[in-house]
Structures are given as structure tokens and as C-alpha cells.
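Undergrad: one predicted model, sequence on top.
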Amino acid sequence: MIITDGAPNTFEDIFRRYNYPNIPVRVFTYLIGKEVTESHEVNWMACANKGYYTHMATLPEVRDKVLKYVPVMSRPVVLSGAHPYIWTSVYADVPATDLTLAEWKIGNSNIYRRRLNALRRRNWFAAQEDEETFDPENTPEPVMEEREIRFVLRVFNAYIA
């Protein structure tokens, strides 16, 4: 964070040496003063380093303009090139479209748990087949259709929420 009333140059050589090419550090610049005429250098420092530039002329502007850096800081991690993987828990198999949350909690979960385990076993064995001997016509049909899968996800998400 740079708070200044002006800059003689952009200090590009320093940024190139320490912050490029990956730009791991964002630079936020705040230019203070009513009579500032040269803002290009300070603006360049922020924009070239994934930061935020603000010119504050009066004291009441300080709070509002300083808080504008928050959305910039909350940009997604993927903008930096990193794509983190997030693993979720297993979703339950609930093929009945009329199943309510109360029915799920009362005891129907054992039926659906057995169906899910059977489906998993069938899919696992099918995946283990050798490519030469694999016969897609003898592979068991999936237990659920796509609309049922969407329903299961809605019910399960409501249950854990």
C-alpha cells in the first residue's frame, strides 16, 4: 500500500525485478491532495501490479475510497492462474421423486443406501473390465436418471444445510 502526494516516476525497474512475471504482490496506491496534477505514475504502479488506484482530495473521501480495495482483494484465486481442487462429500442416492426431507430422516435412508452401494459395485466392476472384453450391452443400466440425480442433490443439500 503506497500513500503519497505524488511520485517522480513509476519505479518500473523495481517492480520488474521483484514482482514480475507472476505478480505475487498487489500494489494499492492512494494519491492525496487537491492540487495534484501528475497522477499517471501512481496510477501505473497500481494498475500494472493488479492493485487499485485512488485519488483522495478531501478528508471525508478517505474512508469511502480506502474501502474500495476490498472487492479487488476478494477477486477469485483463479485469476492468479492457480486452480485449487475442492473435494465434496458423497451425495446419497434418492431415486424417489416424491421423497420428502422428513421421510429421509425417518428411515428410508437404508433402502437408498443399499441401492447406492449396489450401483457403486456395478459401476466399479464395469470400470475394471479389460477394454477388449468389455461389452457395453451387458453393462447394467444406471439406477437413476438425470432428473432424479438433480432431485437427489437438492434434497441432500437441503438436508445438510
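TA: Everything's here; your move.
Undergrad: make sure residue 36 is indeed in a helix.
TA: No - assigned with DSSP: H, G, I helix; E, B strand; the rest coil, residue 36 falls outside any helix and is coil.
Undergrad: hmm, residue 7 and it touching each other?
TA: No - when contacts are counted by CB atoms under 8 Å, residue 36 is not listed as touching residue 7 (10.4 Å). (C-beta placed from N, C-alpha, C; glycine too.)
Undergrad: higher neighbour count, those two?
TA: In this view residue 36 and residue 7 are compared by other CB atoms under 10 Å, and residue 7 has more residues nearby, 18 against 15.
Undergrad: leaving out chain neighbours, which residue sits closest to the more buried one?
TA: Spatial nearest neighbour of residue 7, chain neighbours left out: residue 41 (4.3 Å); criterion: CB to CB, 6 or more residues apart in numbering.
Undergrad: so is that neighbour in a helix, a strand, or just coil?
TA: Assigned with three-state DSSP, residue 41 falls in the helix class.
Undergrad: neighbours around it, how many?
TA: Counted with other CB under 10 Å, residue 41 comes out at 17.
Undergrad: for the record, mean pLDDT for stretch 23-43?
TA: For stretch 23-43, mean pLDDT is 87.
Undergrad: so which bits of that stretch are buried?
TA: Buried residues in stretch 23-43, counted by 16 or more other CB atoms under 10 Å: 26, 27, 28, 29, 30, 31, 32, 41, 42, 43.
Undergrad: closest to residue 55 among those?
TA: Taking CB to CB as the measure, residue 31 is the one of the buried residues of stretch 23-43 closest to residue 55, at 4.5 Å.
Undergrad: A strand includes that closest one, no?
TA: Yes - judged by three-state DSSP, residue 31 forms part of a strand.
Undergrad: so what sits opposite it in the bridge?
TA: Here residue 31 shows beta-bridge partners residue 4, residue 55, assigned using DSSP bridges.
Undergrad: surely residue 2 and residue 28 touch.
TA: Yes - applying CB under 8 Å, one finds residue 2 in contact with residue 28, separated by 7.1 Å.
Undergrad: local confidence estimate at residue 130?
TA: On the pLDDT scale, residue 130 gets 50.
Undergrad: swap in residue 54?
TA: 90.
Undergrad: what's the neighbour count on it?
TA: Neighbour tally, residue 54, other CB under 10 Å: 21.
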